[in-house]
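# quick one: sequence plus predicted model below, questions after.
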Amino acid sequence: AQSVTQPDIHITVSEGASLELRCNYSYGATPYLFWYVQSPGQGLQLLLKYFSGDTLVQGIKGFEAEFKRSQSSFNLRKPSVHWSDAAEYFCAVGNNFNKFYFGSGTKLNVKP
Amino acid sequence: DSGVTQTPKHLITATGQRVTLRCSPRSGDLSVYWYQQSLDQGLQFLIQYYNGEERAKGNILERFSAQQFPDLHSELNLSSLELGDSALYFCASSVGTGAIDTQYFGPGTRLTVL
């Protein structure tokens, strides 16, 4: 069965510091992988996605993620966090049957 | 603004009732997806329609049904409502039917069942 694990429920980082949000997935074949961001009271916005090719994926707002098949991971990174990055981040996996599974989310707080 | 609209924004109803949530996709998008976000279960994929036809089914209860109309808007019908159905319901749309197509999410409808 497919599943997504985001082990960190809350993370606090200082503005300007680097960020890494962890995501591990369970899926037999090569998955489609996504990172979304949700600001309070808003819908989800796609940050980046991976389905094949270069395992380092660049997204919007300066985010990137790296697919590591051997570790079943797709961690999200940003070199320097801005206060506006405070939000909840969701990792998701999709398959060829168009079914999608989301992690439980990581809430990011940014300290001034 | 993603271009996806959802109505109503909030809905309060009682157990046992039936409600209809509406979604208008972005102009040009043929796929519509429905998701439920609750504190208990997190974010769950319910169902996908593409150009009027059901394409994929997730964890959608039998009490729930959806359809996509010729003008491509979609409705999610929730019946025999229970307290546990209280959640935020999102609609998303994409151009095509592939899992890799970017989905654009609407602002959601918050359903409260009393």
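All right, it came through fine.
# identify the residues contacting the spatially most central residue of chain B.
Nearest to the centroid of the C-alpha atoms of chain B, with distances taken as Cα atoms, centre = their mean, sits residue B:34, at 3.1 Å. Neighbour list for residue B:34: B:23, B:45, B:46, B:47, B:48, B:60, B:66, B:74, B:76, B:89, B:90, B:91 [criterion: Cβ atoms under 8 Å, 6 or more residues apart in numbering or on different chains]. Backbone N, C-alpha and C define where each C-beta goes, glycine included.
# how does it look with 10 Å?
Taking Cβ atoms under 10 Å, 6 or more residues apart in numbering or on different chains as the criterion, residue B:34 is in contact with B:21, B:23, B:44-49, B:58, B:60, B:64, B:66, B:74-76, B:89-92.
# element containing it, please.
Residue B:34 belongs to strand B:31-38 when elements are defined using DSSP states H and E.
# ok, then the element right after that strand?
Scanning forward in sequence from strand B:31-38, with DSSP H and E defining helices and strands, the next element found is strand B:42-50.
# which parts of chain B sit against chain A?
Residues of chain B lying close to chain A by Cβ under 10 Å from any Cβ of the partner chain are B:1-2, B:4, B:6, B:31, B:33, B:35, B:37, B:41-48, B:50, B:55-59, B:88, B:90-92, B:97-108, B:110.
# rerun that using 7 Å as the cut-off
Remark: the part of chain B in contact with chain A comprises B:2, B:42-43, B:45, B:48, B:55-56, B:58, B:90, B:97, B:99-100, B:102-103, B:105-108, using Cβ under 7 Å from any Cβ of the partner chain.
# okay, strands next: where are they in chain B?
B:5-7, B:10-13, B:19-24, B:31-38, B:42-50, B:53-57, B:64-68, B:74-78, B:87-94, B:104-105, B:109-113 (DSSP state E).
# an error on my part: the question was meant for chain A.
Assigned by DSSP E, the strands in chain A fall at A:3-5, A:10-14, A:19-21, A:24-26, A:32-38, A:44-50, A:56-58, A:64-68, A:73-78, A:87-94, A:100-102, A:106-111.
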